[in-house]
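J.: Show me how the following folds:
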Amino acid sequence: MEAVRKQIFTGCSGTVRVEPDTNNRFINFLVLKNALWNPATNSVQVSNAAYWNPTGSDVLTILQPLKYAGNTTIKPSDFRVVLNNCPFPEKEIRTFDKGRYLVFGICIAVAVATAGVTIVIWKKWWNIRAEDLKERKEISVPDAIMAATIVIEFFQLLAMGPDITPINSLISDIGKSFSLDFESLIQVRNDVFLIFLDVVFGSIILWVILSVIVLFRLDEIFNRVAIIRHLSSLSDYLMPVLGNLLFIPFMSGLLDVFVCDKSIGDDFTQSFMYKDCNQFCWENDHIIYVTFAFIGIILYEPLAIFCRPLWQEFQSLAHVKYSPRHLMLKTIFQITLIVMNKTVKRAQDIAHGAIFTFFVLVFAVFTHGHKAYNYPRFSWWLTLSLFGIVWESFLTTINIGIGNSDSLVWVFILIAGWGIIGIIGLWVQKKKYPSLLFRSKGKDTSNLFKFAFTLTRGKSKVISFK
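T.: This next block holds a predicted model:
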């Protein structure tokens, strides 16, 4: 026994030896290990995190910041909140590669079909240029909405890119709010998600009805039918909302129906919806939702693509207008980002961030080379907003790659970059892009707002849809 007590060896927590004439372990410094599961190598990586020496001058010596699941240094909450009441234990959930490949295939097919439909619509109906704004005009409510759209789209893209929450949760929440990202602002899961889908399906039906009334001028043909007149007036307000502002959340929600990349088995019917773990895929109710989602995409997307430029043509008070070519390209750009969110982002954050940054950069360069608006100053600020997104996504991707550091240095670098872009933008604007919109003092804008969205289907503008 005495010989055993004299043995000194290295264990999991450091040097181990026994105090003389006792069976107690000698208190020496202990090595605290940081163990992390690495899915890439399918192994546990262990590193020295700290030394603990209760008898030394420094009781605890930190060697490196602790890292938690996901290779992040952000300490998780001490509480575990189970938001999904799934009918199976969490340990049974696994990545379902067959479902992931199917989602990739469906999303790519939707993206290719969108590009094809957009090109056809552009060449057949919207291969026209908006007349350039050359003289000073009094700013109207539609013009102000065009300016606000640049800000809204900036935050929409911010929410669709790599997750900025580790850098600054406030900026992330603002982006989700402007993008109407219901899935992140509230817990749109399980039964709530199905209710959200029902609202989307109902809105698409309304959108189709309004589009038919506008495209075929049914309010003029059946001008004595009260419901047609009311729906026509309603279209003045809802068309830009349903067809433009809600394009991203609607298409994102419809594609979520097909996202079944988690499973508790090897069969497709053992996979479950990403948004509703109580709903198993490719059987029973899910088949119904898939059918409605497929029909919804076919009905909603082509009409949204066609009607996006149409709304501004009916605004008699609008001086600033989109280039139809830019709207067509923006549709392809947005659907590409949506598809990336459903596929690449769920598989690899860093790859998604890099590809997202590249796509936005290309779109920004193209936007700068081809006028997005008939007003150069608006086109310039749209380009600057896109470069601001490029800067943010670039920094966020680097932050994810090094372990989601929550240092305020990242926030400072981000805001400093945006500030430099803004200063350069103001300087170039002063040199090259004069202001052609003015606001007269004392103008009663209530009347402008009243008639801002009135569809003027008069004789001054005739558009053929044949």
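J.: so where's the chain uncertain?
T.: Counting by pLDDT under 70, the chain shows low-confidence ranges at 1-2, 4-29, 55-57, 79-84, 164-191, 315, 403-407, 441-466.
J.: where exactly do the strands run in it?
T.: Read by DSSP state E, the chain holds these strands, from start to end of the chain: 9-11, 14-16, 30-38, 43-52, 60-62, 94-95, 137-138, 262-263, 271-273, 276-280, 437-438.
J.: Need the CA coordinates for the third one. CSV is fine.
T.: Think strand 30-38. Output of strand 30-38 as CSV, limited to C-alpha atoms (Å, rounded to 0.1, in the frame of the first residue of the first chain):
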residue,chain,number,x,y,z
LEU,A,30,-5.7,21.1,-11.7
VAL,A,31,-6.0,21.5,-15.5
LEU,A,32,-9.5,22.5,-16.6
LYS,A,33,-10.2,21.1,-20.0
ASN,A,34,-12.5,22.5,-22.7
ALA,A,35,-14.1,19.7,-24.7
LEU,A,36,-16.0,20.5,-27.9
TRP,A,37,-17.6,18.1,-30.4
ASN,A,38,-16.3,18.7,-34.0
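J.: gap between the residue lying closest to residue 290 once chain neighbours are set aside and residue 108?
T.: Spatial nearest neighbour of residue 290, chain neighbours left out: residue 257 (5.8 Å); criterion: Cβ to Cβ, 6 or more residues apart in numbering. Heads up, the C-betas are built off the backbone N, CA and C, glycines and all. Residue 257 sits 16 Å away from residue 108 when distances are taken as Cβ to Cβ, to the nearest Å.
J.: and these two? which has more neighbours close in?
T.: Each of residue 257 and residue 108 had its neighbours counted (other Cβ atoms under 10 Å), and the higher figure belongs to residue 257 (27 against 12).
J.: Show the contacting residues for that one.
T.: Residues counted as contacts of residue 257 (Cβ atoms under 8 Å, 6 or more residues apart in numbering) are 197, 273, 286, 289, 290, 293.
J.: Turn these into a markdown table, including neighbour count and distance to residue 208.
T.: As requested, the contacts of residue 257 are arranged in a markdown table below (neighbours: other Cβ atoms under 10 Å; distance: Cβ to Cβ, whole Å):
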| residue | neighbour count | distance to residue 208 |
| --- | --- | --- |
| 197 | 21 | 17 |
| 273 | 24 | 26 |
| 286 | 20 | 24 |
| 289 | 23 | 19 |
| 290 | 16 | 19 |
| 293 | 20 | 15 |
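J.: Not counting its neighbours along the chain, what's nearest the residue nearest the centre of the chain?
T.: Within the chain, one residue has its C-alpha closest to the average C-alpha position: by Cα atoms, centre = their mean, that is residue 160, at 2.0 Å. Among residues not flanking residue 160 along the chain, residue 337 sits closest, at 4.9 Å (Cβ to Cβ, 6+ apart).
J.: How many neighbouring residues does the one you found have?
T.: Neighbouring residues of residue 337 were enumerated by other Cβ under 10 Å; the total is 23.
J.: Just confirm it contacts residue 355, I think it does.
T.: No: in this structure residue 337 lies outside contact range of residue 355 using Cβ atoms under 8 Å: 9.7 Å.
J.: Report the spatially nearest residue to residue 115, omitting neighbours in sequence.
T.: Residue nearest to residue 115 in three dimensions, not counting chain neighbours: residue 332, with 5.1 Å by Cβ to Cβ, 6+ apart.
J.: So that neighbour versus residue 89, what's the distance?
T.: To residue 89, residue 332 is 42 Å away according to Cβ to Cβ.
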